[in-house]
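Novice: structure of the sequence below:
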Amino acid sequence: MNLNRIIQSLLLMLALVGVFAAMARNAYGFDFIGVACLGLAILYLLQVTWKVISEYGSLSREAVPEIFELLLLAVLTTFFSLRAFYIYLDFSEVIFYTVCVLQIIVYMIIGYRTYAAVRKESKELATLVVFFFSSLTFFLFFILTRVNTSVSMIFAGLALLAAAPVIFSAAKRQHFEVKSKAVSFLQFVIASRNKAGLLFLFFISSTLFTGLTYFRVIPSIENTDRPKDYIDLISNAEAGKEKPINGHYQHEQYKQALDKF
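Specialist: Have a look, this model is predicted:
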């Protein structure tokens, strides 16, 4: 488990270096992000494989959401890796939305089980668990509705409102009595056997980054090796706003013309 966390931390650091490199208009930043996301996908698949092999015959129903969570995160990180390398696959958007919906269901199950496990020991901690998983759910709905800006912004606002008590508790270093031990909410999340805390951190940091780039406090990330028109054409194809002509999308024709040029 410690080795998994070390590898995961190194891959996340690589992705962070890639973000800063992309902000500095270095094209290799997207390569770092793509490699890091692909590495995370492989890591999560290996974790699922190891868990099934090591606990084969003794897997309980409680382990099913955890397994599905890792599988879905592996698909999501693979999707992000493909996006970083500008590789488009047919029906990728449908697959992405399906994974998000399944992820919502998985976290609703995990959230309910976590809430039921701690509500008798600490009502305050159980309340934070509700806010925590509600924030994750709203963030995933924000991704699902990103085509409709007004609706997606409503979910983004709800996600941030739900995240506020959790962030406040972490900043205050509030402790709760769980199994005769005083633990903070951060320690409680780290000790859990899921990736909800990591995903929560990703959503919060992404929202903060988006806000800062929108108000031009920090530079946005851009790939100087890819023209903006080409990126926009890929986005239109993935969002289903464009239908292929003779089996080819506009961004494919654009790329062929660009390579010839």
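Novice: so where is the stretch 51-200 of the chain shaky, pLDDT-wise?
Specialist: Applying pLDDT under 70 to the stretch 51-200 of the chain flags residues 57-58.
Novice: switch to 90 and redo it
Specialist: Residues of the stretch 51-200 of the chain meeting the criterion pLDDT under 90: 51-66, 83-96, 120-121, 142-153, 156-157, 170-171, 173, 177-181, 186, 190-194.
Novice: shouldn't residue 158 be in contact with residue 138?
Specialist: Yes. Using CB atoms under 8 Å, residue 158 is in contact with residue 138, at 4.5 Å. All C-beta atoms are positioned from the backbone trio N, CA, C, and that covers glycine.
Novice: more neighbours: the two, which one.
Specialist: Each of residue 158 and residue 138 has its neighbours counted (other CB atoms under 10 Å); residue 138 has more, 21 against 17.
Novice: in three-state terms, label the more buried one for me.
Specialist: When classified by DSSP: H, G, I helix; E, B strand; the rest coil, residue 138 comes out as helix.
Novice: and if you look at residue 69?
Specialist: Per three-state DSSP, residue 69 ends up helix.
Novice: residues contacting residue 45?
Specialist: Residue 45 makes contacts with 70, 71, 74, as judged by CB atoms under 8 Å, 6 or more residues apart in numbering.
Novice: pretty sure the last one sits in a helix.
Specialist: Yes. Judged by three-state DSSP, residue 74 forms part of a helix.
Novice: residues contacting it?
Specialist: Counting by CB under 8 Å, 6+ apart, residue 74 has contacts 40, 41, 42, 44, 45, 48.
Novice: which one of these sits closest to residue 168?
Specialist: Each of the contacts of residue 74 was checked against residue 168 using CB to CB; the closest is residue 40, at 29.2 Å.
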